[in-house]
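S.K.: model the structure of this input:
(2 chains)
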Protein chains: 2
Amino acid sequence: MNLFHIDKMEKKSPAKGVEMCSLNGERMTFAYFKLAKGSQVPEHSHPHEQIGMVIRGKLRLKVQGEEQEVIGGNIYHIPSDVPHGAVALEDCEVIEVFSPRREDL
Amino acid sequence: MNLFHIDKMEKKSPAKGVEMCSLNGERMTFAYFKLAKGSQVPEHSHPHEQIGMVIRGKLRLKVQGEEQEVIGGNIYHIPSDVPHGAVALEDCEVIEVFSPRREDL
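M.R.: Here you go, the predicted model:
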């Protein structure tokens, strides 16, 4: 069984206060993020479609210039090539999935 | 912004004690499941690749005949057409993503 645990997966830090690990499938990438309060994911875009869910905490999400506070239980869809970024307003856990898979993660 | 909250999304019950809601993107489906202790997802398979993560609780997962207990923080990959099923050993929250998207969810 292809079974992993976030506590034992290799971690990366794409920005200060942001820690993530990810699993690549054939057609998609599944990523788990921890963001410390005050940390930021600068605005960026990619051709991969993205769906995210906040598991815990609160973020200010900016998608195509529109800002919104998101909390545990929120699910959002970010189409291909749409600029997006986030600021963690609390310590957060977030899941992000991408398709096609991210060869860069 | 394409923003939703699990508390307000339409729920389906694919099996007794199992409640789910899902969001379809272009290339993938993102699904959130609540499973009551003792509930079961009977063995099944589909051409969609699947990646899942247990958010909370404990399940006995069966993938291609191999059984394993999974807990909060476990991430698993189920390739296309591989038979799989689960029994909730505790009340659980689970995220499952599929690609290509599930037209049946």
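S.K.: output the host helix or strand of residue A:95 as CSV, nothing but the C-alphas.
M.R.: Element membership of residue A:95 [criterion: DSSP states H and E] is strand A:92-99. Extracted C-alpha coordinates of strand A:92-99, given in CSV (Å, rounded to 0.1, in the frame of the first residue of the first chain):
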residue,chain,number,x,y,z
CYS,A,92,-3.0,27.1,9.8
GLU,A,93,-3.1,23.7,8.3
VAL,A,94,-4.1,23.7,4.6
ILE,A,95,-4.4,21.0,1.9
GLU,A,96,-3.8,21.9,-1.7
VAL,A,97,-4.2,19.7,-4.7
PHE,A,98,-3.0,20.3,-8.2
SER,A,99,-3.6,18.8,-11.6
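S.K.: report the angle between it and strand B:92-99.
M.R.: When axes from the mean of the first three to the mean of the last three CA atoms, to 10 degrees is applied, the directions of strand A:92-99 and strand B:92-99 differ by 30 degrees.
S.K.: do strand A:92-99 and chain B meet?
M.R.: Yes: using CB under 8 Å from any CB of the partner chain, strand A:92-99 reaches chain B at A:95, A:97, A:99. For the C-beta atoms, the positions are set from N, CA and C on the backbone; glycine is no exception.
S.K.: can you turn the buried part of these into a ChimeraX selection?
M.R.: Per 16 or more other CB atoms under 10 Å in any protein chain shown, the buried members of the residues of strand A:92-99 next to chain B correspond to this ChimeraX selection:
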select /A:95,97,99
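S.K.: make TSV out of the residues of strand A:92-99 next to chain B and add pLDDT.
M.R.: Formatted as TSV, those follow (pLDDT from 0 to 100):
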residue	pLDDT
A:95	98
A:97	98
A:99	98
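S.K.: report pLDDT for the closest residue to residue A:66 other than its chain neighbours.
M.R.: The shortest distance from residue A:66 to any non-neighbouring residue, by CB to CB, 6 or more residues apart in numbering or on different chains, is to residue B:1 (5.2 Å). Note for residue B:1: predicted pLDDT of 88.
S.K.: okay, now residue B:1: neighbour count?
M.R.: The local packing of residue B:1 (other CB atoms under 10 Å in any protein chain shown) involves 16 other residues.
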